[in-house]
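*Asks:* Give the three-dimensional model of this entry:
(4 chains)
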Protein chains: 2
Amino acid sequence: MVHERLLETAISEFGAKGLDGASTRGIAAAARTAMSSITYHYGGKEGLYLATADYIASQMEDVPAGIRVGSEGFPQTPEAARAALHAMLGRMVDKLSSQRSESWSLFIVREQIRPTEAFDRIYAGPMGQMMEALVQLVCVAAGMCDAPASRITVITLFGQVLAFRAARATCERLFERSTTDPELIADLKKRIAANTDAILDSLISERQEQQ
Amino acid sequence: MVHERLLETAISEFGAKGLDGASTRGIAAAARTAMSSITYHYGGKEGLYLATADYIASQMEDVPAGIRVGSEGFPQTPEAARAALHAMLGRMVDKLSSQRSESWSLFIVREQIRPTEAFDRIYAGPMGQMMEALVQLVCVAAGMCDAPASRITVITLFGQVLAFRAARATCERLFERSTTDPELIADLKKRIAANTDAILDSLISERQEQQ
DNA sequence: GTCTATACTACGATAGAC
DNA sequence: GTCTATCGTAGTATAGAC
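*Replies:* All right, here's what the predicted structure looks like:
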């Protein structure tokens, strides 16, 4: 219980202020425990930071949802791959829409822009699996091998989802609606699905023109 | 000169650690001045934070590049709007690819996820202009009025660009190339342009089906 | 305008009570 | 395993020299 409270608070504090900026005193107080328990359980501030990264990584396990490169259930036909792509992007929207994701998204974005050892830990887990799965799904869906184009496409697809969290204040202003509105989230999912289809189709026709 | 050195350092420190996390001592030391000069010039830490937001906003002035809703040069035909859209997204990629954008992008993303008064100041400037211009350009390019769909589309287009900065560490891993590589940036721009065309075309055909 | 000096609060780490 | 107490360092703010 103490562990979980500490980690939850740490996500929020480290997310907001970074490793240097956050204070163990503040984290311990918010988690209703003594500061020295951080030293005891995690060896110090840095230890808690890395443990927080692992904790965040573990919370993303449901996003790839078993779709893993090389696994037996991995989609083999363009149609199946496209469906899996839609499903995975949809789960990502759900994940990033949730109130819970607010704290850890700041943590991750900081690590994305200025990576430390913590990013290695996050990427080594479900996040890396998810990105590699997306690459292979795009390849299968567009009938191409693992070309640079498919990887760039994945970043643009991911970006569509990411913007809803990483540019949230802009979304609130643009939509003049709360970004937690389920109807808005449903509309966003539909639009991302339509965009994904359009992008895949344009990749396919590009390929056909080249031949 | 002291002002500029202070503001540049402040972007980086506030970006990394937030308002609470960053220290005036650290900022002053890195800007090679006395800490008390922050009090003198900006009235304190918060004053410097807001001044930093204004400074960031002022640095984005070249992105809308005069394309402003209601101005006389605003594109009126679908073709012109599409070209302007490509140009503006291209300038955004350039901006976000630059080394300089690293510090202020963290500042902005933090404000996007947990907005304070500083975000109002940033959005009131070129950033808000840019987003509203994108909305109108999508409307003109897709032959639709200011529907919710156009605003959601703008977020997805923006997300494609944003990902290159806000998910940089993921990009580095996916591409196994430096994200400052000009060739990679050129490829990304081409892909975003192609995706934008595909997305606009799908918006247009959606509209035609409805009729 | 820019600096030093100082008052007071908060920081991380650690030792030791229980 | 969780707490309090304490040490040395670093934080903001302010007053005042120049």
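*Asks:* Show the backbone phi and psi for A:T179.
*Replies:* The phi/psi pair for A:T179 (degrees, to the nearest 10) reads phi -80, psi 0.
*Asks:* where does it land on pLDDT?
*Replies:* pLDDT for A:T179: 96.
*Asks:* Repeat that for A:I67.
*Replies:* For A:I67, the model assigns a pLDDT of 94.
*Asks:* Now for it: which residues touch it?
*Replies:* A:G73, A:F74, A:P75, A:A84, A:M88, A:A133, A:L137 (Cβ atoms under 8 Å, 6 or more residues apart in numbering or on different chains). The way it works is simple: take the backbone N, C-alpha and C, and place the C-beta from them, glycine included.
*Asks:* Mind checking which of those land in helices?
*Replies:* Within the contacts of A:I67, residues falling in helices by DSSP state H are A:A84, A:M88, A:A133, A:L137.
*Asks:* Look up how far B:G128 lies from the spatially closest residue to the first one that is not a sequence neighbour.
*Replies:* What sits nearest to A:A84 in space, not counting adjacent residues and going by Cβ to Cβ, 6 or more residues apart in numbering or on different chains, is A:P75, at 4.8 Å. Between A:P75 and B:G128 the computed distance is 41 Å (Cβ to Cβ, to the nearest Å).
*Asks:* who are the neighbours in contact with A:R110?
*Replies:* A:G15, A:G18, B:A16, B:L106.
*Asks:* After the helix or strand hosting it, which helix or strand is next? Please name it.
*Replies:* Taking DSSP states H and E as the criterion, A:R110 maps to helix A:101-113. Once helix A:101-113 ends, the next helix or strand along the chain (criterion: DSSP H and E) is helix A:117-122.
*Asks:* For chain A, which residue gets nearest to chain B?
*Replies:* Per Cβ to the nearest Cβ, A:G21 is where chain A lies closest to chain B, at 1.9 Å.
*Asks:* Looking at the closest residue to that residue other than its chain neighbours now. What's its pLDDT?
*Replies:* Among residues not flanking A:G21 along the chain, B:G21 sits closest, at 1.9 Å (Cβ to Cβ, 6+ apart). What the model reports as pLDDT for B:G21 is 94.
*Asks:* Around B:G21, how many other residues sit close by?
*Replies:* Using other Cβ atoms under 10 Å in any protein chain shown, B:G21 has 19 other residues around it.
*Asks:* and if you look at A:M144?
*Replies:* A:M144: 16 neighbours (other Cβ under 10 Å).
*Asks:* Now it, what are its backbone angles?
*Replies:* Residue torsions, per degrees, to the nearest 10, at A:M144 are phi -130, psi 160.
*Asks:* who's in contact with it?
*Replies:* A:M144 neighbours (Cβ under 8 Å, 6+ apart): A:S150, A:L203, A:R207.
*Asks:* Kindly indicate the member of the residues you listed with the most neighbours.
*Replies:* A:L203 (24 neighbours).
*Asks:* How much space separates it from A:A83?
*Replies:* 17 Å.
*Asks:* What of A:D62?
*Replies:* Taking Cβ to Cβ, one finds A:D62 at 18 Å from A:A83.
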